[in-house]
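Novice: Here is a sequence together with a model predicted from it:
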Amino acid sequence: MTILHYYRETEAPHSLLPSVKEQLKSLHLSDDADAILSIATESCFNVQTSEVINEEQTLRLEWLLAETFESQKLRLENSIFQVSTGNVTGDVTGNADTDTDANNTITLDLEYGPRMTFASAFSSNAVSICQACGLSTIDRLERSRRFRFTLSKALSPRALSDIHDILHDRMTEQEYKEPIATFDIHVLTEQVTTVPIMEEGRAALEKINKEKGLGFDDFDLDYYTY
């Protein structure tokens, strides 16, 4: 499996910067809010393909991913954040990618996308479209959202944690701390076990209920064993 990364420049919502600042100020983090000078955004399309795609297939895929009138904003393995600045690593709170420039401002890069454990609805639709266009080797295509914060100083740990909460839904999304190399999370599934209800009755179901935390109450236990 190979994962291609296509980056597409997007325009940040006008309300994004004011809403982040307002949220931080409501949490009594005014110094951190004032340190945020701007927020830029881009999308990353993480394309998983079972085989190397040829030139014709690449052109077809890029036609699907690019904006109709701004195709030049789509880049393969080359983030607009990397193109726009030539920064060196700086010191800032958190695990996200950070840089500092000649103007003594700090850039903080954050990326969020769907959880690895399941394919999103976006991916299901995108894969169906790709296969209808003859791109049969593409079996997953997830879009992640990237943010670049330009800061006048490093953020506090609490502010960074709150920004994470503001920018993504922890139930369905996760932070991507580096470009995705695989969607395989290397989780070992437990072997299937048989519950001998016919032989042991309710006691067998009570045992597995306690071991697995199934949450069966007396009504459930009675229903399934009588």
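Specialist: Sure, I can see it. Quick caveat, the model's predicted, so the values are computed rather than measured. Numbering: from 1, shown residues only.
Novice: what about the strands in the chain?
Specialist: Along the chain, counting by DSSP state E, strands occupy 2-10, 36-49, 74-76, 88-89, 97-100, 106-114, 138-151, 173-175.
Novice: I'd like those written out as JSON lines, with mean pLDDT and mean neighbour count added.
Specialist: Any C-beta I mention is one placed from the backbone N, CA and C, and that applies to glycine too. Converted to JSON lines, those look like this (pLDDT from 0 to 100; neighbours: other CB atoms under 10 Å):
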{"stretch": "strand 2-10", "mean pLDDT": "94", "mean neighbour count": "18"}
{"stretch": "strand 36-49", "mean pLDDT": "96", "mean neighbour count": "19"}
{"stretch": "strand 74-76", "mean pLDDT": "93", "mean neighbour count": "17"}
{"stretch": "strand 88-89", "mean pLDDT": "35", "mean neighbour count": "9"}
{"stretch": "strand 97-100", "mean pLDDT": "64", "mean neighbour count": "19"}
{"stretch": "strand 106-114", "mean pLDDT": "96", "mean neighbour count": "22"}
{"stretch": "strand 138-151", "mean pLDDT": "97", "mean neighbour count": "21"}
{"stretch": "strand 173-175", "mean pLDDT": "95", "mean neighbour count": "16"}
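Novice: how about JSON lines for those strands, with distance to T58 added?
Specialist: Shown next, in JSON lines, are the strands of the chain (distance: least, CB to CB, whole Å):
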{"stretch": "strand 2-10", "distance to T58": "9"}
{"stretch": "strand 36-49", "distance to T58": "10"}
{"stretch": "strand 74-76", "distance to T58": "8"}
{"stretch": "strand 88-89", "distance to T58": "32"}
{"stretch": "strand 97-100", "distance to T58": "27"}
{"stretch": "strand 106-114", "distance to T58": "22"}
{"stretch": "strand 138-151", "distance to T58": "11"}
{"stretch": "strand 173-175", "distance to T58": "28"}
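Novice: how many neighbours does L155 have?
Specialist: A count of nearby residues for L155, using other CB atoms under 10 Å, gives 26.
Novice: swap in P13?
Specialist: P13: 11 surrounding residues under other CB under 10 Å.
Novice: what's the answer for the one 4 residues further on, then?
Specialist: Using other CB under 10 Å as the criterion, L17 is surrounded by 16 other residues.
Novice: From S15, how far out is the nearest residue to it once chain neighbours are set aside?
Specialist: Excluding the flanking residues, the one nearest L17 by CB to CB, 6 or more residues apart in numbering is I39, at 5.1 Å. Separation of I39 from S15 (CB to CB, to the nearest Å): 11 Å.
Novice: Same question for T150.
Specialist: With distances taken as CB to CB, T150 is found 18 Å from S15.
Novice: same check, this time on F45
Specialist: According to CB to CB, F45 and S15 sit 24 Å apart.
Novice: Equivalent analysis for E67, please.
Specialist: Here the criterion is CB to CB. By it, E67 lies 21 Å from S15.
Novice: W63 now?
Specialist: As judged by CB to CB, W63 and S15 stand 31 Å apart.
Novice: That's all I had, so thanks and see you.
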